[in-house]
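*Asks:* Sequence and predicted model, in that order:
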Amino acid sequence: MLDGNRHGYGIVYTTDRNADCPNLYECQWHKGIPIEGRYINIWSDDNTWRKYEGTLSHTYRLHGQGSEHWEDGWSYQGGYKEGNQHGQGKIIWSGGSGYEGGWKDGWQHGQGRQTDKQGGYHEGQWEEAKAIGVHRYYDKEGQLLKIYDEDNNKEIIQ
């Protein structure tokens, strides 16, 4: 403690407003503000957990750079802003597919690459997790398969 505020290393256990969603924070504090550490959350609706390691905001939200892992196998590493994926990051879903690129407010946004579980991928722009504009599709060896106009749902002939 420093002047009545948490300061240094510490562990805090909290629940949400309804007391049905426990949170455990293990982190470094600076004058009452969590700076960097780990966070474990249990979702009350399906009793699954997720773990986060990285920087936090003064309101205990995921903020800055970090990595997150979910019980069902999902993982994300990259930027966060007030609890949402934001900036550059990479997610791998439990089935083996993934996305790497821009994020905004928790959605794929901007330039990125989405990979399927066999290793094929497509590159282009995203807006709120929806592929937009022209995307290039490749097989797992990197050979171009097609160029596709996502807005008009049609293949572009070269």
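*Replies:* Structure's in. What do you need? Bear in mind that the values here come from a model prediction, so they are computed numbers and not experimental data. Numbers count the residues shown, from 1 in each chain.
*Asks:* Can you give me the buried ones in the lowest-mean-pLDDT helix or strand in the chain?
*Replies:* Here the helix or strand of the chain ranked lowest by mean pLDDT, DSSP states H and E is strand 33-43, holding a mean of 84. The neighbour-count check on strand 33-43 (16 or more other CB atoms under 10 Å) flags 33-34, 37, 39-42 as buried. Yep, even glycine has a C-beta here, placed from its N, CA and C like the rest.
*Asks:* Just after it, pick out the following helix or strand.
*Replies:* Next helix or strand after strand 33-43 toward the C-terminus (DSSP states H and E): strand 48-56.
*Asks:* Would you reformat the buried residues of strand 33-43 as TSV and include distance to Gly119?
*Replies:* Shown next, in TSV, are the buried residues of strand 33-43 (distance: CB to CB, whole Å):
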residue	distance to Gly119
Ile33	43
Pro34	39
Gly37	35
Tyr39	32
Ile40	32
Asn41	32
Ile42	34
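*Asks:* can you name the two of the residues you listed that are farthest apart?
*Replies:* By the measure CB to CB, Ile33 and Ile42 form the most distant pair in these, at 24.2 Å.
*Asks:* Surely Gln88 and Tyr80 touch.
*Replies:* No. Shown here, Gln88 and Tyr80 do not form a contact pair, counting by CB atoms under 8 Å, at 11.0 Å.
*Asks:* And these two? Which one has more around it.
*Replies:* Shown here are Gln88 and Tyr80; by other CB atoms under 10 Å, Tyr80 has more neighbours (26 against 16).
*Asks:* State the number of residues packed around Lys31.
*Replies:* 11.
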